[in-house]
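Asks: okay, sequence plus prediction incoming.
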Amino acid sequence: MAKKQRIVKNNRRRWLKIITLFCVLWIAGNTLIGSDLLSSFDLKNIAADEAVHSIPIPEEWNLIVVNRWNEIPEDYSVTLTELSNGQKVDSRIYPYLQEMFDAMRADGIYPIVREGYRTAEEQQEILDERIQRYRNEGYSRSRAERLAKEWVALPGTSEHQLGIAVDINADKTRSANEDVYQWLADHAYQYGFILRYPQGKGDITGAEYEPWHYRYVGTEAALEIYQSQICLEEYMGNH
């Protein structure tokens with residue numbers, strides 16, 4: 001009887017070891033498979049992200065995409081026209097900008113170009129000033145740089161260096177910024193300009209909502225972008 005009990009116990013131990021080994025192998029196998037799937041998923045996400053942000057340089061000067069992922073082409077050059085307040089813009093967009101401003105004034109709204117073309121050096125100065133502002137508020141150097149770059153583009157990645165983007169505000173003695181922004185939102189596309197950084201598109205444009213920042217793309221592209229409620233990156237990705 002005792003011998004029979006020992007045999008039963010040994011059989012139980014043997015089966016327990018077999019079951020334990022099977023479970024270990026099963027878990028290990030699924031872990032490896034899961035890792036492979038996860039790696040594959042990560043690679044797909046990386047590839048998708050690169051596909052969204054990597055935009056070929058178009059032949060049309062007015063459709064060049066410049067953002068934190070797409071720098072200004074090395075051979076890019078611009079001829080500038082100086083405005084009455086000293087700001088400068090690409091001479092090719094000046095007639096359309098003037099026409100748009102004339103239409104705004106006819107509607108009783110008085111805009112000004114607060115910022116036009118910038119050199120790389122001027123862009124760096126603006127970035128440095130923003131970093132110093134955050135440093136003065138008590139942030140560490142690294143934290144101040146991260147915060148500043150959320151609002152100010154690095155030299156080489158700012159549309160202002162193209163000369164075809166303008167920050168438009170109101171002549172405060174005659175109009176309010178809100179009136180200017182609303183008019184532009186409703187009518188700018190008619191003159192070839194788009195709201196460059198719309199709400200809800202920051203993950204695509206790389207910039208927060210800026211109701212004052214308008215960019216010339218031409219009337220055909222501006223109309224489609226306006227009607228479809230998309231940003232320039234999305235438009236170029238579909239063409």
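Replies: Nice, I can see it. Numbers count the residues shown, from 1 in each chain.
Asks: quick one: the strands in this structure?
Replies: 80-82, 88-90, 111-115, 165-170, 193-195, 213-216 (DSSP state E).
Asks: next one: the second one to chain centre, how far?
Replies: Right, strand 88-90. The offset between the C-alpha centroid of strand 88-90 and the centroid of the whole chain comes to 23 Å, using Cα atoms, centre = their mean, to the nearest Å.
Asks: which other helices and strands contact it?
Replies: Based on contacts counted as 3 or more Cβ pairs under 8 Å, 6 or more residues apart in numbering; DSSP states H and E, the elements that strand 88-90 packs against are strand 80-82. Using the backbone N, CA and C atoms, a C-beta is placed for each residue, glycine as well.
Asks: doesn't residue 74 make contact with residue 57?
Replies: No: at 10.4 Å, residue 57 does not count as touching residue 74 under the criterion of Cβ atoms under 8 Å.
Asks: in stretch 53-65, which residues are buried?
Replies: Applying a neighbour-count criterion of 16 or more other Cβ atoms under 10 Å, the buried positions in stretch 53-65 are 53, 55, 61, 62, 63, 64, 65.
Asks: tabulate those residues (TSV), appending pLDDT.
Replies: Listed next are the buried residues of stretch 53-65 as TSV, based on pLDDT from 0 to 100:
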residue	pLDDT
53	70
55	75
61	95
62	97
63	97
64	96
65	96
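Asks: closest one to residue 120 out of the residues you listed, please.
Replies: Minimum distance to residue 120 across the buried residues of stretch 53-65 is 16.1 Å, recorded for residue 64 (Cβ to Cβ).
Asks: next, the contact list for the closest one, please.
Replies: 57, 58, 72, 73, 76, 162 (Cβ atoms under 8 Å, 6 or more residues apart in numbering).
Asks: possible to save the residues you listed as CSV with distance to residue 151 and pLDDT?
Replies: Formatted as CSV, the entries for the contacts of residue 64 read as follows, by distance: Cβ to Cβ, whole Å; pLDDT from 0 to 100:
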residue, distance to residue 151, pLDDT
57, 26, 77
58, 27, 79
72, 19, 95
73, 24, 92
76, 24, 93
162, 19, 97
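Asks: export these to TSV and tack on distance to residue 109?
Replies: What follows is the contacts of residue 64, written out as TSV (distance: Cβ to Cβ, whole Å):
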residue	distance to residue 109
57	36
58	33
72	32
73	35
76	33
162	26
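Asks: which one of these is nearest to residue 86?
Replies: The shortest distance between residue 86 and any of the contacts of residue 64, using Cβ to Cβ, involves residue 162 and amounts to 18.7 Å.
Asks: neighbours of that closest one, just the number please.
Replies: Taking other Cβ atoms under 10 Å as the criterion, the count of residues near residue 162 is 22.
Asks: report pLDDT for the nearest residue to it once chain neighbours are set aside.
Replies: Closest residue to residue 162 apart from its sequence neighbours, by Cβ to Cβ, 6 or more residues apart in numbering: residue 66 at 6.1 Å. What the model reports for residue 66 is a pLDDT of 96.
Asks: do the one 5 residues further on as well
Replies: The per-residue pLDDT reported for residue 71 equals 95.
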